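# The following comprises the amino acid sequence and a computationally predicted model.
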Amino acid sequence: MNKPNRITLEELELVRDYIVLLAMLTIVERSREEVEFSPISLKSVYLVVNSALQDRIHSDLATVKRKLRTSEIKVWEDERDELIIRYRYVCRCYEDRFGMTREVIKSQISERLGQYIQSGK
């Protein structure tokens with residue numbers, strides 16, 4: 001059975017996950033850099049936790065990328081302004097845009113971080 005050219009809801013969720021995970025990774029990496037060059041106590045503990053979080057994000061991002069590739073979906077950032085970050089995607093020759101407000105991205109990041117903490121992995 002052939003897949004439809006248009007993106008499905010599940011595939012659109014993959015696009016969202018990809019965007020959120022990329023943003024999370026950027027935030028966590030920046031945070032690590034700030035801590036590395038700061039004189040805070042317990043720096044080594046923070047860096048170990050940060051490294052574990054980065055590993056988890058990289059793993060989840062690899063999974064999402066693999067699923068996007070399997071679904072023949074390519075995603076890239078299109079434009080950003082103060083409120084919205086827009087992405088373009090091509091899904092089996094169908095091209096469209098997907099945008100997320102910065103507030104929604106922050107909310108999604110917070111939710112996913114909570115899931116990571118609860119899972120203890």
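Happy to help now that I have it.
# From now on I want contacts and neighbour counts done on CA atoms only, so please keep to that.
OK.
# Now do the phi/psi pair for the spatially most central residue of the chain.
Closest residue to the average C-alpha location of the chain: Leu21 at 1.4 Å, with C-alpha atoms, centre = their mean. Dihedral pair for Leu21: phi -60, psi -40, per degrees, to the nearest 10.
# pLDDT wise, what is it at?
On pLDDT, Leu21 comes in at 97.
# ok, it - contacts?
Ile57, Asp60, Leu61, Ile109 (C-alpha atoms under 8 Å, 6 or more residues apart in numbering).
# Buried among those residues? Need that as a selection in PyMOL.
Listed next is the PyMOL selection for buried residues among these, using 16 or more other C-alpha atoms under 10 Å:
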select buried, resi 57+61+109
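# Mind checking which of the contacts of Leu21 are in helices?
Residues from these lying in helices, with DSSP state H as the criterion: Ile57, Asp60, Leu61, Ile109.
# wait, doesn't the first one sit right on Thr26?
No: between Ile57 and Thr26 no contact is recorded; they are 10.3 Å apart, counting by C-alpha atoms under 8 Å.
# ok, the contacts of Leu21 vs Arg6, which is closest?
If you rank the contacts of Leu21 by distance to Arg6 using C-alpha to C-alpha, Leu61 comes first, at 22.8 Å.
# roughly how far apart are the closest one and Ser31?
Distance, Leu61 to Ser31, by C-alpha to C-alpha, to the nearest Å: 19 Å.
# what sits up against stretch 40-49?
So stretch 40-49 is contacted by Arg32, Val35, Glu36 (C-alpha under 8 Å, 6+ apart).
# Weed out the non-buried ones from the residues you listed.
Among the contacts of stretch 40-49, those classed as buried by 16+ other C-alpha under 10 Å are Arg32, Val35.
# before we move on, back to that, closest to Tyr94 among the contacts of Leu21?
Leu61 (23.1 Å).
# The protein: helices as residue ranges?
So, for the chain - with DSSP H - the helices run 9-36, 43-70, 102-119.
# Thr63: how many residues sit nearby?
Other residues near Thr63 come to 14 when the count uses other C-alpha atoms under 10 Å.
# try the one 5 residues further on
Counted with other C-alpha under 10 Å, the neighbours of Leu68 add up to 19.
# so what's it up against?
So Leu68 contacts Glu11, Leu14, Val15, Lys74 (C-alpha under 8 Å, 6+ apart).
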